[in-house]
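Asker: Build me a model from this:
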Amino acid sequence: MTDTATIHHTLFPTAIGTCGVAWSEHGLTALALPERDEAATEKRLIAKSHSAGKAAPPRSGADAIALIQQYCAGECVDFSSVPLDLTGIDPDRRRIYETMRALNFGETTTYGALARKTGAADADWEAAQKIGVAMGRNPLPIIVPCHRVLAAGGKPGGFSAYGGTATKETLLALEGIHLDGGAPRLPGL
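Answerer: Next comes the predicted model:
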């Protein structure tokens, strides 16, 4: 992890609720999706990022916030230009995150298919399990789009953000993907 003295955070409004980002001089280090209230969102963000405190974001952070706001409003957004600071994340997880970042808006895959894209053999269940673990530890949901990775059979699988699979389904719905034909919503909305 980057030195905590260099990590700061901010909260900002989106169409789905208050989100937050944290950054270092090298890029974003964490993103928090809406929790039950702003204080809970900030608490999770600080825990994820080890932020030294609130601050105004640098230009790259402000640009990322604008993209996140557009995404949460249902616009097709490409986050590939957002600089990330993945310092302290092991090479295997980095490779998984880079592979997830290559998934386009509205595109889904499965845990197993993602494992194969990262070099695992077809029947390597341990690799698919590693994908799930990496997704559960993803510090930058949406930007590293773990919500686009589904369980076998098109099932949502897990999601570690507040709201669990309902939040995952909401993010997918923003991209026009409805797993059960309905339009899921975040808890409380």
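Asker: where does L31 land in three-state SS?
Answerer: Following DSSP: H, G, I helix; E, B strand; the rest coil, the label given to L31 is strand.
Asker: tell me the domain boundaries of this structure?
Answerer: 4-72, 91-174 (automatic domain parsing).
Asker: of all the ones you listed, which lies closest to L84?
Answerer: domain 4-72 (4.5 Å; Cβ to Cβ). C-betas here are computed from N, CA, C, even on glycine.
Asker: And the closest residue to P156 other than its chain neighbours, how close does it get to H9?
Answerer: Distances taken as Cβ to Cβ, 6 or more residues apart in numbering place T165 nearest to P156, at 4.5 Å, with adjacent residues excluded. Distance from T165 to H9, counting by Cβ to Cβ, to the nearest Å: 26 Å.
Asker: now do R93
Answerer: 22 Å.
Asker: same deal with D37?
Answerer: 16 Å.
Asker: neighbour count winner among the two?
Answerer: Taking neighbours as other Cβ atoms under 10 Å, D37 and H9 compare with H9 leading, 25 against 12.
Asker: Which secondary structure state does that one sit in?
Answerer: With three-state DSSP as the criterion, H9 reads strand.
Asker: Tell me which residues touch it, please.
Answerer: Contact partners of H9, counting by Cβ atoms under 8 Å, 6 or more residues apart in numbering, are 20-23, 30, 42, 45-46, 49, 51, 53-55.
Asker: Could you do A115 as well?
Answerer: Taking Cβ under 8 Å, 6+ apart, one finds D124, A127, A128, K130, I131 in contact with A115.
Asker: try 10 Å this time
Answerer: Applying Cβ atoms under 10 Å, 6 or more residues apart in numbering to A115 gives the contacts 96, 99, 109, 121-122, 124-132, 149.
Asker: go on, L172?
Answerer: G106, T108, P145, H147, R148, L150, P156, T165, H178, L179, P184.
Asker: A helix includes it, no?
Answerer: Yes. Per three-state DSSP, L172 lies within a helix segment.
Asker: now it: how far from L67?
Answerer: 18 Å.
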